[in-house]
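Undergrad: got a predicted structure here, sequence first:
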Amino acid sequence: MKEKTCWTITDEFPGMKSQVIGLAEAVGLPTLHKTCIRRWPWGWLGIPWGDPLTQLTPESDSLTPPWPDLVISCGRRSAPLALAIKEKSKKKMVCVHIQDPLVNHGAFDLIAAPEHDNLKGPNVISTKGALHKVTREKMHEDVQKYKSLFKGLPRPYSVVLLGGSTNRYKMPLAALEDLIQKILFIRDKTQGSVLVTPSFRTPFRAQLTQALANESNIFLADIEKQNPYFAMLGVADVIFATDDSVNMVCEACFTGKPVYSLPLMGHRNSKPKRFIQRLIQEGIVRSFEGEIDTWTYVPFNDTEKVAALVRETLKGNINGPKN
């Protein structure tokens, strides 16, 4: 029997790519990631209008047969592409979407939507937050791989996850300078070490490197050369994450370790802030206001929960589509 295959489809945003790849890895099928952007005005509208497969920019990855057995898409702009592939394949495939696709909900086999989307339906899986690529195995493997990077740094380890500019927020230099002061404060408060990782969205990384270069007990990941992100989550005693990313705080909360939210100066995007506020109300996350404590909560692993349902749906699709 031919081995089943999977495509993941997103636009260029890393947060969406992380979610679809994380789910595909958990499902366990050979996977190709497709970065696809629909030309204006179709991409801007984000709705099925015409044939979405003919509306891609020249830089997009191709979407041509042979079709996979599973397509996982994320974001409203990618949803029409996934449904178009399902139609071309005569529906002999499983189509899974992450987040609310906003249109044609019933056309998807499964939709994994976070609780804050308030989406209901027989094919909807409600998740605590964003899916991601973090696993216990990856953290353990990377701790072994990168432990020499942290050799000699005193405990406790405070890990700081830095976000940055988004499509709705342009991070100013003043915001980074404020975070640098918080990093130094955390080090002095704990009398331990601070392990810092920026993201590719973090602007002014040269200034960040220069500011921390001569500071003791500070480790700054050079993500252009190597990214010990999973290792840092694995060794962390406490995690601090900026408040611009649902994905990042979900990855931190997967660990079960204390997680503090760091406010980004000038950041007012309501979606991640509302999500983080709910986690604060539930006692999972705390807002950083100068004190550093320890507490426990039940870590959530939505990725495996959704993957299990996808695997079951694939089994039911062997003899043809269910719908």
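TA: Perfect, thanks for sending it. Just so it is clear, the structure is predicted and the values come from calculations on it, not from any experiment.
Undergrad: CA only for contacts and neighbour counts going forward, please
TA: Fine.
Undergrad: poorly predicted segments of the protein, please.
TA: 1, 46-47, 269, 317-323 (pLDDT under 70).
Undergrad: which residue ranges form the strands in the chain?
TA: Ranges of strands within the chain are 6-10, 31-35, 70-74, 94-98, 110-114, 124-127, 157-161, 193-197, 218-220, 238-242, 259-262, 285-287, based on DSSP state E.
Undergrad: which neighbours in the sheet does the first one have, and how are they oriented?
TA: It stands for strand 6-10. strand 31-35 (parallel), strand 70-74 (parallel) (DSSP bridges).
Undergrad: ranking those by burial, who's on top?
TA: Most buried of the strands paired with strand 6-10, by mean neighbour count (mean count of other CA atoms under 10 Å): strand 70-74, with a mean of 27.
Undergrad: so that one versus strand 110-114, what angle?
TA: With axes from the mean of the first three to the mean of the last three CA atoms, to 10 degrees applied, the angle from strand 70-74 to strand 110-114 works out at 30 degrees.
Undergrad: Lys138 contacts Phe230, doesn't it?
TA: Yes - using CA atoms under 8 Å, Lys138 is in contact with Phe230, at 6.3 Å.
Undergrad: Gln281: neighbouring residues, count only.
TA: 10 (other CA atoms under 10 Å).
Undergrad: one step back: quick one: which of Lys138 and Phe230 has more around it?
TA: Phe230 (21 against 15).
Undergrad: so who does the more buried one touch?
TA: By CA atoms under 8 Å, 6 or more residues apart in numbering, the contact set of Phe230 is Val134, Lys138, Met139, Asp142, Val143.
Undergrad: ok, it to Met248 distance?
TA: Distance of Phe230 to Met248, given as CA to CA, to the nearest Å: 12 Å.
Undergrad: now do the phi/psi pair for Leu102.
TA: phi 70, psi -30 (degrees, to the nearest 10).
Undergrad: sorry, slip of the keys, the one I care about is Phe13.
TA: Phe13 adopts backbone torsions of phi -80, psi 120, taken as degrees, to the nearest 10.
Undergrad: adjust the sequence numbering to begin at 749 for everything that follows.
TA: With 749 as the first residue, the last one maps to Phe761.
Undergrad: show the contacting residues for the closest residue to Gly982 other than its chain neighbours.
TA: Computed as CA to CA, 6 or more residues apart in numbering, the closest residue to Gly982 that is not its neighbour in sequence is Met887, at 5.0 Å. Counting by CA under 8 Å, 6+ apart, Met887 touches Phe978, Ala979, Leu981, Gly982.
Undergrad: now distance to Lys930 too, for the strands paired with strand 754-758, in CSV please.
TA: Converted to CSV, these look like this (distance: least, CA to CA, whole Å):
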stretch, distance to Lys930
strand 779-783, 36
strand 818-822, 34
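Undergrad: right, so of those strands, which gets closest to Gly798?
TA: strand 818-822 (18.9 Å; CA to CA).
Undergrad: so the closest one versus strand 842-846, what angle?
TA: Interaxial angle, strand 818-822 versus strand 842-846 (the same axes, to 10 degrees): 20 degrees.
Undergrad: ok, back up a step: which one (most neighbours) among the contacts of Met887?
TA: Per-residue neighbour counts (other CA under 10 Å) across those peak at Leu981, which has 30 neighbours.
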